[in-house]
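Q: Let me see the structure of the following:
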Amino acid sequence: MPKPAEKRAKLIQLISIAKQQLGIEEEIWRGHVLPRYGAKEKNGKLSLTTLPIYQLENLLKELKQKGFSNPNSNSMSDLEYIRRLWSDLHQMGVVRDGSEQTLIKWAKNRFNGLDKLEWLNTYQKQKCIEGLKDWISREKRKANEKTSQTT
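A: Now for the predicted structure:
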C-alpha cells in the first residue's frame with residue numbers, strides 16, 4: 001500500500017496529465033475547476049497541491065468521467081478498443097474491408113485531417129467508440145428483426 005505522500009504525488013501527476021490530455025485552459029482550471037474542490041492559494045495563485053487526498057481523488061474521478069484515460073492503465077486502450085470494434089464489424093460482414101486503412105478512412109470522414117488513429121484526441125476517440133458501438137447495435141437489431149420475421 002503506497003504511503004500517503006506517494007499516493008498524493010501520483011494523484012497530482014495523473015491530474016496534471018488529465019488536464020493536458022483534455023485540453024483544459026489555465027483560466028478555466030484556476031478560475032472554475034480548482035475553486036470547486038476548495039484549492040487554496042500558493043505563491044499567489046490557486047494550486048492543486050493544496051487539496052487533500054480525498055479531493056484529489058474526486059477531481060481525478062471527474063476528469064475520468066470527462067474522458068481522461070490513464071496512459072499507464074493495464075486495461076485496453078481506446079485505440080485497441082476502436083480496432084476491436086472495427087474488426088467485429090468486419091467479422092459480422094458489415095464492413096467488407098477490415099483493414100486499418102479503411103478504419104482510418106471511416107474516422108477521417110468523421111474528423112477532417114486525420115491520417116493516423118493516434119492523432120485522435122480523447123473526445124474524438126470516445127466519439128469513434130460510441131459510433132462503432134451504435135453501428136454494431138443497429139446491425140444486431142436488424143439481424144434479430146430478420147430472424148424473428150422468418151420464424
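
Q: wait, what's in contact with the residue positioned nearest the centre of the chain?
A: By C-alpha atoms, centre = their mean, the mean C-alpha position of the chain lies nearest to Gly67, the distance being 3.8 Å. Residues near Gly67 by C-beta atoms under 8 Å, 6 or more residues apart in numbering: Leu22, Thr122, Tyr123, Gln126. Just so you know, the C-beta spots here come from the backbone N, C-alpha and C atoms, and that holds for glycine as well.

Q: From Glu26, how far off is the closest residue to the third one other than its chain neighbours?
A: If the residues on either side of it in the chain are set aside, Tyr123 comes closest to Gly67, at 6.0 Å by C-beta to C-beta, 6 or more residues apart in numbering. Using C-beta to C-beta, to the nearest Å, Gly67 is found at 19 Å from Glu26.

Q: by contact count, what packs against the helix with the most length in the chain?
A: Of all segments of type helix in the chain, defined using DSSP state H, the longest is helix 122-150. Packing contacts for helix 122-150, counted by 3 or more C-beta pairs under 8 Å, 6 or more residues apart in numbering; DSSP states H and E, involve helix 78-91, helix 100-110.

Q: what angle do the longest one and helix 122-150 make?
A: Think helix 78-91. Per axes from the mean of the first three to the mean of the last three C-alpha atoms, to 10 degrees, the angle that helix 78-91 makes with helix 122-150 is 20 degrees.

Q: The last one now?
A: With the same axes, to 10 degrees applied, the angle from helix 100-110 to helix 122-150 works out at 100 degrees.

Q: which of the residues in helix 100-110 are buried?
A: Leu103, Ile104, Trp106, Ala107 (16 or more other C-beta atoms under 10 Å).

Q: just for this structure, where's the confidence low?
A: 1-2, 71-76, 150-151 (pLDDT under 70).

Q: what's the domain layout of it?
A: The chain breaks down into these domains under automatic domain parsing: 4-65, 78-150.

Q: which residues are in contact with the helix or strand harbouring Ile15?
A: Assigning secondary structure by DSSP states H and E places Ile15 in helix 4-22. Contact partners of helix 4-22, identified using C-beta under 8 Å, 6+ apart, comprise 2, 29, 48-49, 53, 56-57, 59-60, 63-64, 66-71, 121-122.
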